[in-house]
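Novice: Mind looking at a prediction? Sequence and model below.
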Amino acid sequence: ITTTFTMAGDPERYKVGETTHDPKYDGLNKLSILGSAVAFSEDASTQCTYVIGNEDHTLGNCLRYTIMKDPRTEFCGYSIPHPSERKIHLRVQTKGKTMCNELLRTGLENMKVIGNHMLQVFEEQVISHREEDAAMKE
């Protein structure tokens, strides 16, 4: 396993190991609705299963958690259909007339906010630690 860590704007700043990539899930095929020939649309119902390509438990569990925190959610769970497939199935069921796509979008936006906060706190602590370390060496 290779581990790389850098701070300044490097897109691969947190790379651990090597992962496989399935090109059939690139671009518009990254997200689709299971059993539908139509890609992600605004017309999803109050219950549907999304297929998210080139993802695993890291995104699946985080997304499940953030969607379940929304009070409009009846159920949210994910599965990986087969260990050799690079995709997850995310099942979302809503309460009332809320559409699944709305909960998915909200969950993704909340994950982005959480991730940005975690990154900011982490980087502040790294800087603080470096300053303390430099002060101790003087």
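Specialist: The structure has been received and is ready for your questions.
Novice: Return the residues in contact with Leu104.
Specialist: For Leu104, the contact set (C-beta atoms under 8 Å, 6 or more residues apart in numbering) comprises 50, 63, 67, 90, 92. In this view, the C-beta of every residue, glycine as well, is placed from N, C-alpha and C.
Novice: List the buried residues for the longest helix seen in the chain?
Specialist: Secondary structure of the chain per DSSP state H: the longest helix is helix 100-137. For helix 100-137, burial by neighbour count (16 or more other C-beta atoms under 10 Å) applies to 100-104, 106-107, 110-111.
Novice: how about TSV for those, with pLDDT added?
Specialist: Putting those into TSV (pLDDT from 0 to 100) gives the following:
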residue	pLDDT
Cys100	93
Asn101	92
Glu102	94
Leu103	95
Leu104	95
Thr106	96
Gly107	96
Asn110	97
Met111	96
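Novice: where does the nearest residue to Leu108 once chain neighbours are set aside land in three-state SS?
Specialist: Nearest residue to Leu108, sequence neighbours excluded (C-beta to C-beta, 6 or more residues apart in numbering): Leu63, at 7.1 Å. Using DSSP: H, G, I helix; E, B strand; the rest coil, the structure places Leu63 in helix.
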